[in-house]
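**Student:** Quick one: sequence and predicted model below, then my questions.
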Amino acid sequence: MTESITELFGAIWDVWKEMASAFFGVIPTAIHFFLWAISGIIILPCVFVAGSLFPLWMDWGKDF
């Protein structure tokens, strides 16, 4: 009886370790993707403003 319980918990522990290693293998990739997305959200509007609106600011400021 105790041997079967020990084998059961041993199998459950092995499955748990395998799931944890797979999960921890994905975490760095998810962090890199998240950081790239945050960078894109911050940088792309800045590029749009610099490329599209800055020349207009130059034209608007000529009258001053």
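**Tutor:** Yes, it's here. Numbers count the residues shown, from 1 in each chain.
**Student:** The helix or strand hosting residue 44 - what's its average pLDDT?
**Tutor:** Taking DSSP states H and E as the criterion, residue 44 maps to helix 2-48. Here helix 2-48 scores 91 as its mean pLDDT.
**Student:** Make 671 the first number, not 1, from now on.
**Tutor:** Renumbered: residue one is now 671, and that last one reads helix 672-718.
**Student:** ok, and for the helix or strand following it, which residues are buried?
**Tutor:** Under the assignment DSSP H and E, the closest C-terminal helix or strand after helix 672-718 is helix 724-730. Buried residues in helix 724-730, counted by 16 or more other C-beta atoms under 10 Å: none are found. Any C-beta I mention is one placed from the backbone N, CA and C, and that applies to glycine too.
**Student:** Residue 690 versus the residue sitting nearest the centre point of the chain, what's the distance?
**Tutor:** Computing the C-alpha centroid of the chain and ranking residues by C-alpha atoms, centre = their mean puts residue 704 first, at 2.0 Å. Remark: distance between residue 704 and residue 690 (C-beta to C-beta, to the nearest Å) = 21 Å.
**Student:** neighbours around residue 715, how many?
**Tutor:** Burial of residue 715, expressed as a neighbour count using other C-beta atoms under 10 Å, amounts to 10.
**Student:** Repeat that for residue 681.
**Tutor:** Neighbouring residues of residue 681 were enumerated by other C-beta under 10 Å; the total is 10.
**Student:** before we move on, what about residue 687?
**Tutor:** A total of 10 residues lie near residue 687 under the criterion other C-beta under 10 Å.
**Student:** Repeat that for residue 686.
**Tutor:** The burial metric for residue 686, expressed as a neighbour count using other C-beta under 10 Å, is 10.
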